[in-house]
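Enquirer: Model the structure of this input:
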Amino acid sequence: MNENVYQHFKSDEHDVIDKLESQITKAQIDYQPVLTDFLNPREIYIAQSLLGKDEPVKMSSFGGYQDADLKRVLFYPDYFKCEKEDFELALLEIKYPKKFATLHHGQILGSIMGSGIKRNVVGDIITDGSNWQIIVEHKICSFLQEQVNQIGKINVHLEPINLNAMLTPLCSWEEQNILVSSLRIDNLIANCYRISRMRAKELINNNKVQVNWGSIDHPDYLVNKYDIISVRGFGRIRLNNVLGETRKQKLKVCVSIIKK
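Expert: Have a look, this model is predicted:
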């Protein structure tokens, strides 16, 4: 990988860069489509940056519905016509006794990960308030049906259904422009949820904050474009863009927020 590419990204993103670059190269050399696992918005942004505008390889992304957080990316040559079926997604609906039990996102994800699979083969977990569905890579559909029959203490059954029967997710992003003194994660959390900086630091120190579904333990982490910050008990934040700087040296940023 060209060092000039690395310098535009953080050191912990170099492995992602290498993998994506390898997949792009394969699509170009083999002259056929190459499909990734599920990528978060930051990883999709990296893929777009690597591809550039003049590459002979194109890319499309799809996660089951338009506003999905996690999407599979397809790299393909000019001749290829990309269809939704090419992303090889499956939809599993969780059947459980709704009158007597309540499910939560964290419980569901924990049970799925407990089956031994990697996080990047599972897409969004969505709900309309009572019904729950899981978007997954088609190849692991049968495995999850066999392995996941309990979430917490609740007996469940995962039933494959057509993608056309996908729920309309309950949560939706709300876009806002806000002013911040820096892109430190504690500062961004404090401004988005109108809490003190100290409270934001406590949430981070108590392992209640994740970036792109990975743990974060230092309040001075600088948030990148398209990072998704999950704050337990509050919701999620996505940094969309840095719009400029005010005369008082404040940063004007565009964020999308989900509040619980």
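Enquirer: rest of the way, CA atoms for contacts and neighbours
Expert: Fine.
Enquirer: now the helices for the stretch 1-150 of the chain?
Expert: 3-6, 14-30, 41-51, 105-113, 141-147 (DSSP state H, counting those that start in this stretch).
Enquirer: any chance of those in a markdown table, plus distance to residue 120 and mean neighbour count?
Expert: Listed next are these as a markdown table, based on distance: least, Cα to Cα, whole Å; neighbours: other Cα atoms under 10 Å:
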| stretch | distance to residue 120 | mean neighbour count |
| --- | --- | --- |
| helix 3-6 | 23 | 10 |
| helix 14-30 | 12 | 16 |
| helix 41-51 | 12 | 18 |
| helix 105-113 | 10 | 15 |
| helix 141-147 | 14 | 15 |
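Enquirer: and of those helices, who's closest to residue 178?
Expert: Set against residue 178 and scored by Cα to Cα, the helices of the stretch 1-150 of the chain come closest in helix 41-51, at 20.4 Å.
Enquirer: Let me see the confidence value for residue 213.
Expert: Here, the pLDDT recorded for residue 213 equals 86.
Enquirer: That one reaches residue 231, doesn't it?
Expert: No - in this structure, residue 213 is not within contact of residue 231 by Cα atoms under 8 Å, at 10.5 Å.
Enquirer: follow-up on the earlier one: any chance of the helices of the stretch 1-150 of the chain in JSON lines, plus mean pLDDT and distance to residue 181?
Expert: Formatted as JSON lines, these follow (pLDDT from 0 to 100; distance: least, Cα to Cα, whole Å):
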{"stretch": "helix 3-6", "mean pLDDT": "75", "distance to residue 181": "27"}
{"stretch": "helix 14-30", "mean pLDDT": "94", "distance to residue 181": "28"}
{"stretch": "helix 41-51", "mean pLDDT": "93", "distance to residue 181": "22"}
{"stretch": "helix 105-113", "mean pLDDT": "92", "distance to residue 181": "32"}
{"stretch": "helix 141-147", "mean pLDDT": "96", "distance to residue 181": "45"}
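Enquirer: want to try JSON lines for the ones you listed, with distance to residue 59 as columns?
Expert: Formatted as JSON lines, the helices of the stretch 1-150 of the chain follow (distance: least, Cα to Cα, whole Å):
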{"stretch": "helix 3-6", "distance to residue 59": "19"}
{"stretch": "helix 14-30", "distance to residue 59": "9"}
{"stretch": "helix 41-51", "distance to residue 59": "8"}
{"stretch": "helix 105-113", "distance to residue 59": "28"}
{"stretch": "helix 141-147", "distance to residue 59": "25"}
